[in-house]
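In: sequence isn't available, so here's the structure alone:
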């Protein structure tokens, strides 16, 4: 049966509309020059997923505490009670990187507060306690982390623990841009990653603990950040992922294996300056 002319026109317009959305270019596309970044892998993508800048974006690398974004998503997907108190135990100590923590054994906080501390201040024991208190325990939790990664199309990613302390927690810059995009759908993760300071009371008979965000760019008035996460272990170097708005356009930034404590922040500023100069 021959398709009526009016229907043919509608279908053609719809196809053109879809193409326009699919191939909509970022205002930062086609920039010339080089931002001279020091991170081993770097990726910037626009709101529609178009590539603005890429450097070694498919190399699999350890991602350290960037893993905690996946930890938070898995907990929130589970529907577990965010107000339920979770107690830190000796099982939550770091026996891999041997890092310390101010959350001593017996410290008790709500699941919501544990998520906040894990994301904003990269508190390892908070992340470990979240995984340990998951139905089925830590093994089931790590399985869900990998299942979630697979569902997001993160084909070159693997998770081995909720805190990112094991070198086996690995991904690529391209995969992590997918994880950043997914994490944006969780209001609590956005809140946690952009909260600059937080006071918690893990003990009834002691004073509060004050935590600060690990991303110093949140204090910089030139940055409009909706989501961020830092990461570091020796094997991963300094890492940073962000979703930020630059000149009115949301962009995702991934920086992996930076040498030097301040290098991810310096690279972020170099990227922003390069993007604005070439606009």
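Out: That came in fine, so what should we check first? As the structure is a computational prediction, the values presented were derived from the model and not from experiment. Residues are numbered from 1 along each chain as shown.
In: and the closest residue to residue 160 other than its chain neighbours, how far from residue 110?
Out: Leaving aside its chain neighbours, residue 160 sits nearest to residue 168 (3.8 Å; criterion: Cβ to Cβ, 6 or more residues apart in numbering). Where C-beta positions appear, they are placed from N, C-alpha and C, glycine not excepted. Per Cβ to Cβ, to the nearest Å, residue 168 is found 30 Å from residue 110.
In: ok, residue 198 next?
Out: 12 Å.
In: need the pLDDT of the residue nearest to residue 160.
Out: With respect to pLDDT, residue 168 scores 98.
In: ok, it - contacts?
Out: Each residue near residue 168 by Cβ atoms under 8 Å, 6 or more residues apart in numbering is listed here: 62, 158, 160.
In: confidence score at the residue lying closest to residue 143 once chain neighbours are set aside?
Out: Among residues not flanking residue 143 along the chain, residue 136 sits closest, at 8.0 Å (Cβ to Cβ, 6+ apart). Model confidence at residue 136, expressed as pLDDT, equals 97.
In: likewise for residue 176?
Out: With respect to pLDDT, residue 176 has a value of 98.
In: can you pull the buried residues of the host helix or strand of residue 226?
Out: Here residue 226 sits within strand 225-233, counting by DSSP states H and E. Judged by neighbour count (16 or more other Cβ atoms under 10 Å), strand 225-233 contains these buried residues: 225, 227-233.
In: go on, stretch 41-60?
Out: Using 16+ other Cβ under 10 Å as the test for burial, stretch 41-60 gives 41-46, 50, 52-55, 57.
In: is it possible to get TSV of those residues that adds secondary structure?
Out: Output for those, formatted as TSV (DSSP: H, G, I helix; E, B strand; the rest coil):
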residue	secondary structure
41	strand
42	strand
43	strand
44	strand
45	strand
46	coil
50	coil
52	strand
53	strand
54	strand
55	strand
57	coil
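In: still on that earlier bit, which pair in the buried residues of strand 225-233 has the greatest spatial separation?
Out: Using Cβ to Cβ, the two most remote members of the buried residues of strand 225-233 are 225 and 233, lying 23.2 Å apart.
In: before we move on, back to that, of the buried residues of strand 225-233, which is the nearest to residue 258?
Out: Nearest to residue 258, judged by Cβ to Cβ, of those is residue 232 at 9.2 Å.
In: show me the beta-bridge partners of that closest one.
Out: On the basis of DSSP bridges, residue 232 is bridged to residue 238.
In: residues touching it, list them.
Out: 64-65, 238-239.
In: do residue 211 as well
Out: 117, 120-121, 123, 197-200.
In: quote the end-to-end distance of stretch 256-264.
Out: From its first residue to its last, stretch 256-264 covers 8 Å (Cα to Cα, to the nearest Å).
In: got it, and stretch 230-246?
Out: Across stretch 230-246, the terminal residues are separated by 20 Å (Cα to Cα).
In: list the buried residues for that stretch?
Out: Result for stretch 230-246 [16+ other Cβ under 10 Å]: buried residues 230-233, 236-244, 246.
In: rewinding a little: from the contacts of residue 211, list just the buried residues.
Out: Using 16+ other Cβ under 10 Å as the burial test, the contacts of residue 211 include 117, 120-121, 123, 198, 200 as buried.
In: which strand residues bridge residue 256?
Out: Counting by DSSP bridges, residue 256 forms beta bridges with residue 41.
In: all helices of the protein, in order?
Out: 5-22, 67-78, 111-120, 124-132, 137-151, 173-183, 187-194, 263-277 (DSSP state H).
In: by mean pLDDT, show me the worst of those.
Out: Taking the mean pLDDT of the helices of the chain, helix 5-22 comes last: a mean of 40.
In: for residue 46, see how far away residue 251 is.
Out: 6 Å.
In: wait, residue 204
Out: From residue 204 to residue 46 the distance is 49 Å (Cβ to Cβ).
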